[in-house]
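A.B. asks: Any chance you could fold what I've pasted below:
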Amino acid sequence: SSGINAEYGGISFYLFTLRSLTIHFFIYSTTIMKVSISFFYVCLTILFFAGEAIGQFSTFVQKLDHFDPTSKQTFKQQYIINTSYQKSKASPIFLVVGGVNPLGLDPNIFLGDSPEVSFASKYGAVLLALEHRFYGNSLPYTTLTQSSLKYLTPQQAIGDVVSFLSSIKQTQELVGPVVVIGYRYAANIAAWLRLKYPFLVQSSIAISPQLQASEEVQFWDQYIPSVLGNDCSTNVKNTMGQIEYSVFHDSTDFQNLAAMLGCVSITDGTSFMNIISYAVTEITYYTDLQDSMCSTVTDSNTATAQFLGFLNGYFGQTNITCLNRDITSFTNTTLIAGKNRQLLWMRCNQFGGFETAYSMTPFRSTRLNVAWFESVCAKVFGYALTPDTTSFNQFYGGQSSTFPGVVFFFNQNEPLSNLAPTTPILSSPVLIYKENWFNEYSNNVTYYVNTFLQPNFGNTTLPSVFPCPVQKECSKSPTVVQENVNFLWIAAALGFTSSTLGVVLSRCLFMYLDYRRFKRDNDGQVPRYGRVPQAEGLMG
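C.D. replies: Coordinates of the predicted model:
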């Protein structure tokens, strides 16, 4: 059975900042001014909650193990539903598959500035987003031990989507075609769903997927010099070489360099070089930051200090800490660890994708090799762990598979297009976008989605009710329970109160909700549609 429970979605960071800046004004202003400002905040709240109402957080009771018919274990999986554009029960369904970021990290996913909303408005569609198991609030266990992480696999994640879609189509009486959208690792899920469940998923949009699993990838080392240019890449490489020499030849120098980067807790020299390499890779996605970084390494006498100082500032701007970049420290099995341990498990167990130095002309430290990453996996998880990429590619087909009905979308400025399907077909285009990705994405993808949404596309007929991953469980209709937790009227009642007590209570309510949201969701990463590829590299 399934259960659905609505939950507060979160107040925007900008409103939180605005209210925080004016709290003193509330305390020291006159009664009339308090009433006026309270009314202003209530209006903002109404507008914001109107947005939340069409992008509401809910939970779905999900089966833990889709491959064990005898298992009765379940967990609550978070999702968002938006029916404001829906025209009928036969409207298309656009489902955004969650990746390694919490669903709440992108609170405006279904408001006016996302590509999904553009599609929904165009097609009169229902919008859904499903959080990935073991991330955000979709946590099957309270610890991240190996015995619990064994349920963190893409196969189980695909089962989650199939079970969720089957249930929500049945309970909401939706009969329209399904289009699944995924970004980076979630793009793999989107493509595989169309490949393995064509009777359930009519089409998929896969943005920058990694279809071919490989224990190591070296093309980032080849890619960075091509973006930075010869002079800058040479200077950055030489500076990183000077840093590496100091790190491994003088412990005092290592401590000083770590302090320059704000990484005083780092004790593993190779991990320190890995943190720097990841940061440089990320910066290549920002043209303005590229120029700033290049300017720090022009003078070899001051390059090290200026380069590390620049990276430290970049970490501060993007709310990155060295602790959540030091993969050797991901031994914490508590949920405080955020997403780091889960992500490393997926890479050590199945995906690989370790970013190593290019064997011909290495850009990053040659210490960053497969042996080091495997040693990190063994240290963190307590035993030798090697990604089984061969079996993984055999099951999903890797790049050699054909994906009818899947649109692949890649940034021309990143090397992930090397992992695109090697046998593209007419009904599975590989699109490369340039600068204005939003317009190119919306315009180009729309052409193919128009085709894929035709009722007779492909060789399958969409049934009105879809089967569950475990067929026997489809014999019973799922029970739906939906409870709306609506703080709007509470906020409005308190906000209109002219007394100081009313103002204080309304402020406390807002601050509590904001604190709960940011405490829950923010682990120092940027939103899903940011240009930064994330510390996890290929699996962002």
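
A.B. asks: Show me what the mean pLDDT comes to for stretch 80-90.
C.D. replies: Mean pLDDT, stretch 80-90: 91.

A.B. asks: How about stretch 358-368?
C.D. replies: Stretch 358-368 comes out at a mean pLDDT of 91.

A.B. asks: And stretch 385-404, by the same measure?
C.D. replies: 85.

A.B. asks: buried stuff in that stretch?
C.D. replies: Neighbour counts over stretch 385-404 (16 or more other Cβ atoms under 10 Å) mark 385, 387, 389, 392-393, 396-398, 401, 403-404 as buried. C-beta here means a position set from N, CA and C on the backbone, and glycine is covered the same way.

A.B. asks: Then stretch 365-373?
C.D. replies: For stretch 365-373, the neighbour count (16+ other Cβ under 10 Å) marks 365, 367-369, 372-373 as buried.

A.B. asks: which stretches of the stretch 151-300 of the chain form strands?
C.D. replies: Taking DSSP state E, counting those that start in this stretch as the criterion, the stretch 151-300 of the chain carries its strands at 178-183, 203-207, 214-217.

A.B. asks: Looking at those, which one is packed in the most?
C.D. replies: Highest mean neighbour count among the strands of the stretch 151-300 of the chain (mean count of other Cβ atoms under 10 Å): strand 203-207, with a mean of 28.

A.B. asks: Just the C-alphas of it, formatted as PDB.
C.D. replies: The C-alpha trace of strand 203-207 is given here as PDB (Å, rounded to 0.1, in the frame of the first residue of the first chain):
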ATOM      1  CA  SER A 203       9.700   9.600 -23.200                       C
ATOM      2  CA  SER A 204      12.700  10.800 -21.200                       C
ATOM      3  CA  ILE A 205      14.900  13.900 -21.200                       C
ATOM      4  CA  ALA A 206      18.400  13.100 -20.000                       C
ATOM      5  CA  ILE A 207      20.600  16.100 -19.300                       C
END
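
A.B. asks: Hey, what's the angle from that strand to strand 178-183? Just curious.
C.D. replies: 10 degrees (axes from the mean of the first three to the mean of the last three Cα atoms, to 10 degrees).

A.B. asks: Give me the contacts around strand 203-207.
C.D. replies: Applying Cβ atoms under 8 Å, 6 or more residues apart in numbering, the contact partners of strand 203-207 are 177-184, 187-188, 190-191, 193-194, 403, 405-410, 441, 445, 448-449, 452-453, 457.

A.B. asks: can you redo the strands of the stretch 151-300 of the chain as a markdown table with distance to Gln78 and mean pLDDT?
C.D. replies: Conversion of the strands of the stretch 151-300 of the chain to a markdown table gives the following (distance: least, Cβ to Cβ, whole Å; pLDDT from 0 to 100):
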| stretch | distance to Gln78 | mean pLDDT |
| --- | --- | --- |
| strand 178-183 | 17 | 92 |
| strand 203-207 | 21 | 88 |
| strand 214-217 | 31 | 91 |
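
A.B. asks: Save these as a markdown table, and put in distance to Gln342 too.
C.D. replies: What follows is these, written out as a markdown table (distance: least, Cβ to Cβ, whole Å):
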| stretch | distance to Gln342 |
| --- | --- |
| strand 178-183 | 17 |
| strand 203-207 | 21 |
| strand 214-217 | 19 |
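
A.B. asks: Which one of the ones you listed lies nearest to Gly309?
C.D. replies: strand 214-217 (29.4 Å; Cβ to Cβ).

A.B. asks: Just list the residues touching Gln290, thanks.
C.D. replies: Gln290 touches 227-228, 232, 283-284, counting by Cβ under 8 Å, 6+ apart.

A.B. asks: Give me the buried subset of those.
C.D. replies: By 16+ other Cβ under 10 Å, the contacts of Gln290 give 227-228, 232, 283-284 as buried.

A.B. asks: Sort out which one of the residues you listed lies nearest Thr153 for me.
C.D. replies: Nearest member of the buried ones among the contacts of Gln290 to Thr153, counting by Cβ to Cβ, is Thr284, at 30.8 Å.

A.B. asks: Now do the contacts for the closest one.
C.D. replies: Counted by Cβ under 8 Å, 6+ apart, Thr284 has contacts 223-224, 227-228, 290, 413.
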